[in-house]
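1. got a sequence here, can you model it:
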Amino acid sequence: MTTTTKPRPTRRLILQGAASVVLLGLGNLPFGAAPARAAANDKYPEEAFKQKNEADAIKALYGKTAEPSDKVKLDAPEIAENGGVVPISVTTSLDKVTSISFFVAENPNALAASYKIPEGTIPAVANRLKMAKTTKLTAIVEADGRLYSATKEVKVTVGGCGG
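-> Numbering: from 1, shown residues only. Coordinates of the predicted model:
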């Protein structure tokens with residue numbers, strides 16, 4: 001006599017099925033798609049990242065110059081023990097911030113990072129930059145169509161872009 005046993009549902013099989021149902025259901029909801037499409041339409045500032053000096057990179061990225069402002073707070077170490085990972089951050093109390101960028105004057109390419117800030121986002125960015133040698137670090141904040149900047153000299157003791 002032959003007996004056949006039906007496959008018994010395991011906990012793993014049940015969880016996989018439940019996850020599939022949830023993911024299929026979420027695929028029909030409207031959230032998530034609009035910001036992804038908007039980000040895909042942003043143009044990468046390739047020319048700005050290719051510039052060798054800071055003034056040219058700022059001009060390529062923004063088309064105008066920035067004015068120094070005490071409302072832009074740039075936090076960076078005075079002495080970076082390792083130029084390969086220099087922690088930096090910028091915050092601002094300015095309204096209607098649309099972008100924040102970092103420029104390192106003595107690096108092979110001056111523009112180190114540039115961020116688009118979505119409306120309603122707290123305008124604060126932190127990063128770790130690679131710095132070739134002791135140089136001036138500049139943060140530029142674009143707010144309400146104007147450019148504001150803060151600068152700081154960072155002394156690099158070891159490593160970095162240049163070796």
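2. run a quick neighbour tally on the residue lying closest to residue 80 once chain neighbours are set aside.
-> Once flanking residues are discounted, residue 80 sits nearest to residue 86: 4.4 Å by CB to CB, 6 or more residues apart in numbering. Just so you know, the C-beta spots here come from the backbone N, C-alpha and C atoms, and that holds for glycine as well. Using other CB atoms under 10 Å, the number of residues around residue 86 comes to 22.
3. surely residue 86 meets residue 130?
-> Yes - at 7.3 Å, residue 86 counts as touching residue 130 under the criterion of CB atoms under 8 Å.
4. centroid-nearest residue for this protein?
-> residue 115 (4.7 Å; CA atoms, centre = their mean).
5. let's verify it: helix, strand, or coil?
-> strand (DSSP: H, G, I helix; E, B strand; the rest coil).
6. show me what contacts it?
-> 99-101, 125 (CB atoms under 8 Å, 6 or more residues apart in numbering).
7. do a quick rundown of the strands in this structure.
-> Secondary structure of the chain (DSSP state E): strands at 67-68, 72-75, 79-80, 86-92, 97-104, 111-116, 124-129, 135-143, 146-156.
8. packing partners of the second one?
-> When you say that, I think you mean strand 72-75. Judged by 3 or more CB pairs under 8 Å, 6 or more residues apart in numbering; DSSP states H and E, strand 72-75 is in contact with strand 86-92, strand 135-143, strand 146-156.
9. nice, that's everything, thank you.
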